[in-house]
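>>> any chance you can model this:
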Amino acid sequence: MLAEGAGLLSPGAPPDQIERLFAVFRRNVDVIRRYRPGHYPGPALLLKATEPVPDALRDAAVQNRSGEPAYGWDRHCTVTVREIAAHHLAMASEPAAALTGAEIRQALAEAGRLQDTNERELLTLFCD
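Residues are numbered from 1 along each chain as shown. Presented below is the predicted three-dimensional model:
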């Protein structure tokens, strides 16, 4: 099974766990296909995975094949790109989760400093 090969499910996972994982995957694909971003006036943070999705999931995964560093988000907002040394699905798992968290903490701290100067700034987070 693809999900077992990628380490997303333990071998012999019960059918209900597999169904839940697939339902989330299906909803994510549907949302990605329908989404059309508009202009956003505030700063944004894009956490970009540097590693490819594992071979076991590559054909099933929705991957951004854009050669653009910010995947086109820079056409809609001011975006800061930070790279995380992991593939997309591993960004929230250790050891990459520590890197992801550190980048988010730094961005929030910077946004807090902007607020201290009485500027109204928001932070939006995008993950590759």
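>>> any stretches of the chain with poor pLDDT?
Along the chain, the model assigns pLDDT under 70 to residues 1-9, 56-66, 113-128.
>>> and the helices in it?
In the chain, the helices defined using DSSP state H lie at 2-5, 15-34, 55-58, 96-116.
>>> how far away is the closest residue in space to residue 103 that isn't next to it in sequence from residue 100?
Leaving out its chain neighbours, the residue that sits closest to residue 103 by CB to CB, 6 or more residues apart in numbering is residue 82, at 4.6 Å. From N, CA and C alone the C-beta is placed, and that goes for glycine too. Note on residue 82: its distance to residue 100, by CB to CB, to the nearest Å, is 9 Å.
>>> quick revisit: quick one: which of the helices of the chain is nearest residue 46?
Closest of these to residue 46 is helix 96-116, at 10.1 Å (criterion: CB to CB).
>>> list the helices and strands that closest one packs on?
Under the contact criterion of 3 or more CB pairs under 8 Å, 6 or more residues apart in numbering; DSSP states H and E, helix 96-116 touches strand 43-49, strand 78-84, strand 124-127.
>>> in CSV: those strands, plus distance to residue 95.
Converted to CSV, the helices and strands packed on helix 96-116 look like this (distance: least, CB to CB, whole Å):
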stretch, distance to residue 95
strand 43-49, 14
strand 78-84, 10
strand 124-127, 17
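>>> out of these, deepest packed?
strand 43-49 (a mean of 20; mean count of other CB atoms under 10 Å).
>>> how far away from the center of its chain is that one?
Remark: strand 43-49 is offset 8 Å from the chain centroid, using CA atoms, centre = their mean, to the nearest Å.
>>> for that strand, packing partners?
strand 78-84, helix 96-116, strand 124-127.
>>> coming back round to it: among the helices and strands packed on helix 96-116, which is nearest residue 21?
Within the helices and strands packed on helix 96-116, the stretch nearest residue 21 is strand 124-127; the backing value is 18.1 Å (CB to CB).
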